[in-house]
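K.L.:
Any chance you can model this:
(chains A and B)
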There are 2 protein chains.
Amino acid sequence: MYYWPGIQGRGEFVRLALEDAGAPYVDVARGPGGMAAMERLLEQKKNPPFAPPFLAAGRLLIAQTPNILLYLGTRLRLAPADEAGRLWVHQAQLTMADWLVEAHDVHHPIGSGLYYEEQKPESKRRAADFLAHRVPKYLDYFEGLLPKGGYLLGRRASYADLSLFQMVEGMRYAFPRAMRRLEGRYPRVLGLHERVAARPGIARYLASERRLPFNEQGLFRHYPELDLLVK
Amino acid sequence: MYYWPGIQGRGEFVRLALEDAGAPYVDVARGPGGMAAMERLLEQKKNPPFAPPFLAAGRLLIAQTPNILLYLGTRLRLAPADEAGRLWVHQAQLTMADWLVEAHDVHHPIGSGLYYEEQKPESKRRAADFLAHRVPKYLDYFEGLLPKGGYLLGRRASYADLSLFQMVEGMRYAFPRAMRRLEGRYPRVLGLHERVAARPGIARYLASERRLPFNEQGLFRHYPELDLLVK
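P.N.:
Down below sits the predicted model:
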């Protein structure tokens, strides 16, 4: 598995699935010579990925986070075997992918190639809209999907549950004040977050050095001036 | 198939696949009582979609544009039957989905719930970054994937080719001046666009009343002040 070293970013959604399943994998770009290996694949002539993360699995090179999880899902027993179930889990994942872009764009509303410092006033406006309207919309949606005391599919966890855990983690890191105010309304989402954190593979991973800390180079960034208190 | 009536939007990527294949379908929300039917599905208790478009296919209700195309792809013979091919086409589609969000966010950099008129200065800044950096990056990427005179997969068209056609259509509508300046560098992308437009199902569709015109309620919007000339 290939991703930028130093941040959780999109790679984290893939790592969580691999770690939960106890699947052996190499986080290539974090090892010696890994960045060069990643760059080579990004520049390969035949069907290069647009961007990390990507997964080299046998002869396949698979990019786009939800696509990687689609591939891994049934193999890691983190998605149902039937088509309807697989499509549903993928659909939930794609909805989180939308949410994730919005969480990133809070600190990069003008351009991903510019520094945050070059777009601070715009970020503040976007944060207000994101926290007041978009975050409740996404949390309402997932709260409504979750059964009491269960996973999205009921008793069996899927990769989408692991991703929802990560969305809560990231939101809490980036917007602790706002989340403290919002969280009480979402007991099922919070319950799911705890349930995922306690899964053996995830608990082991979170306690390990493989889990990178959040920081201000990642998708979720804590800028206190963007952590607004909303109604 | 359910989508907001009056705009091409994300629904268009699904329509193009159905039309190319000559598959019978109903564009429900554009018919009598269709909006109410769509709202009911959005509010259904069990596994509602987060947003349109969605497709009711037998007992399945499938949302998220790339997910719908994943489902339709092999059935409409617009994706390979083998897993590697299916994942690759899906990966290309997801990359276009990223591009599409960015094209939308040019006119909505602060919040999707605000009017464009409430975020005009920010839009202008974002347009400059989008046209100077992001559009060339995406076009370079797809130009590099395309064989000369062919489709993404070679001789056989996939739904990702139809989507790339639509990206060019939308970009030309929204940014005619910028695209005139950029286009010459991308002969393969333009060739693909012409090839798709000439496919019988697509040509028939584009000439029909089923093809809605672009407008300033959709994802691609023509605001002359955002159609900047970049190097």
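
K.L.:
just the helices in chain A please.
P.N.:
A:11-21, A:34-42, A:65-75, A:83-105, A:120-129, A:135-145, A:159-174, A:176-183, A:187-197, A:200-206 (DSSP state H).

K.L.:
May I see those helices arranged in a markdown table, with mean neighbour count and distance to residue B:170 as well?
P.N.:
For every residue, glycine as well, the C-beta is placed using N, CA and C. Supplementary listing: the helices of chain A in a markdown table, determined by neighbours: other C-beta atoms under 10 Å in any protein chain shown; distance: least, C-beta to C-beta, whole Å:
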| stretch | mean neighbour count | distance to residue B:170 |
| --- | --- | --- |
| helix A:11-21 | 24 | 28 |
| helix A:34-42 | 14 | 27 |
| helix A:65-75 | 23 | 22 |
| helix A:83-105 | 21 | 18 |
| helix A:120-129 | 20 | 23 |
| helix A:135-145 | 18 | 25 |
| helix A:159-174 | 23 | 29 |
| helix A:176-183 | 16 | 34 |
| helix A:187-197 | 17 | 35 |
| helix A:200-206 | 15 | 41 |
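
K.L.:
Next up, phi/psi of the residue of chain A most remote from its centre, please.
P.N.:
Taking C-alpha atoms, centre = their mean as the measure, the residue most remote from the mean C-alpha position of chain A is residue A:45, 28.8 Å away. Here is the backbone geometry of residue A:45 (degrees, to the nearest 10): phi -70, psi -50.

K.L.:
pLDDT wise, what is it at?
P.N.:
You'll see residue A:45 listed with a pLDDT of 94.

K.L.:
circling back: make CSV from the helices of chain A and add mean pLDDT and distance to residue B:142 to it.
P.N.:
Below are the helices of chain A laid out as CSV (pLDDT from 0 to 100; distance: least, C-beta to C-beta, whole Å):
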stretch, mean pLDDT, distance to residue B:142
helix A:11-21, 98, 24
helix A:34-42, 98, 15
helix A:65-75, 98, 17
helix A:83-105, 98, 20
helix A:120-129, 97, 29
helix A:135-145, 98, 30
helix A:159-174, 98, 28
helix A:176-183, 96, 38
helix A:187-197, 98, 37
helix A:200-206, 98, 36
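
K.L.:
Redo those as CSV? Include distance to residue B:196.
P.N.:
Listed next are those as CSV, based on distance: least, C-beta to C-beta, whole Å:
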stretch, distance to residue B:196
helix A:11-21, 33
helix A:34-42, 27
helix A:65-75, 23
helix A:83-105, 24
helix A:120-129, 35
helix A:135-145, 34
helix A:159-174, 33
helix A:176-183, 45
helix A:187-197, 42
helix A:200-206, 44
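
K.L.:
ok, the closest residue to residue A:149 other than its chain neighbours to chain B distance?
P.N.:
Residue nearest to residue A:149 in three dimensions, not counting chain neighbours: residue A:191, with 6.5 Å by C-beta to C-beta, 6 or more residues apart in numbering or on different chains. To chain B, residue A:191 is 19 Å away according to C-beta to the nearest C-beta, to the nearest Å.

K.L.:
which residues sit in contact with residue A:191?
P.N.:
If a contact means C-beta atoms under 8 Å, 6 or more residues apart in numbering or on different chains, then residue A:191 has A:146, A:148-149 as its contacts.

K.L.:
And residue A:206, by the same measure?
P.N.:
Applying C-beta under 8 Å, 6+ apart to residue A:206 gives the contacts residue A:197.

K.L.:
now residue A:131
P.N.:
Residues near residue A:131 by C-beta under 8 Å, 6+ apart: A:175, A:178, A:182, A:228, A:230.

K.L.:
Check residue A:163 too.
P.N.:
Counted by C-beta under 8 Å, 6+ apart, residue A:163 has contacts A:13, A:16, A:69, A:92-93, A:96.

K.L.:
how about the residues you listed in CSV, adding distance to residue B:74?
P.N.:
What follows is the contacts of residue A:163, written out as CSV (distance: C-beta to C-beta, whole Å):
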residue, distance to residue B:74
A:13, 26
A:16, 29
A:69, 20
A:92, 22
A:93, 20
A:96, 25
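
K.L.:
Among these, which one sits closest to residue B:25?
P.N.:
Of all those, residue B:25 sits closest to residue A:92, with 24.5 Å by C-beta to C-beta.

K.L.:
Residue A:207: what's it in contact with?
P.N.:
Under the criterion of C-beta under 8 Å, 6+ apart, residue A:207 has no contact partners.

K.L.:
so how far is residue A:201 from it?
P.N.:
11 Å (C-beta to C-beta, to the nearest Å).

K.L.:
can you check residue A:85 too?
P.N.:
Applying C-beta to C-beta to residue A:85 and residue A:201 gives a distance of 21 Å.

K.L.:
what does residue A:139 give?
P.N.:
From residue A:139 over to residue A:201 (counting by C-beta to C-beta), the distance is 25 Å.

K.L.:
try residue A:208
P.N.:
For residue A:208, the distance to residue A:201 - C-beta to C-beta - is 11 Å.

K.L.:
In the contacts of residue A:163, find the pair that's most separated.
P.N.:
A:16 and A:92 (14.5 Å).

K.L.:
Out of the contacts of residue A:191, who's the most crowded?
P.N.:
Most neighbours among the contacts of residue A:191, by other C-beta atoms under 10 Å in any protein chain shown: residue A:146, with 19 neighbours.

K.L.:
Next one: it relative to residue B:43, how far apart?
P.N.:
17 Å.

K.L.:
how far does stretch A:169-185 stretch from start to finish?
P.N.:
16 Å (C-alpha to C-alpha, to the nearest Å).

K.L.:
I would like the residues contacting it, please.
P.N.:
Taking C-beta under 8 Å, 6+ apart as the rule, stretch A:169-185 contacts A:8, A:100, A:103, A:106, A:131, A:135-136, A:139, A:143, A:190, A:193, A:214, A:219-223, A:226-230.

K.L.:
try stretch A:145-153
P.N.:
Contact with stretch A:145-153 is made by A:80, A:85, A:88-89, A:92, A:142, A:154, A:157-158, A:160-161, A:164, A:188-189, A:191-192, A:195, B:47, as judged by C-beta under 8 Å, 6+ apart.

K.L.:
How far does that stretch sit from its chain's centre?
P.N.:
Mean C-alpha position of stretch A:145-153 versus that of the full chain (C-alpha atoms, centre = their mean, to the nearest Å) differs by 19 Å.

K.L.:
Please could you give me each C-alpha atom of that stretch, formatted as CSV?
P.N.:
C-alpha atoms of stretch A:145-153 as CSV (Å, rounded to 0.1, in the frame of the first residue of the first chain):
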residue,chain,number,x,y,z
LEU,A,145,-28.6,4.5,9.1
LEU,A,146,-27.2,2.9,12.3
PRO,A,147,-29.2,0.4,14.3
LYS,A,148,-29.0,0.8,18.0
GLY,A,149,-25.9,-0.9,19.3
GLY,A,150,-24.9,-2.1,15.9
TYR,A,151,-22.9,-1.6,12.8
LEU,A,152,-24.2,-0.1,9.5
LEU,A,153,-25.1,-3.6,8.3
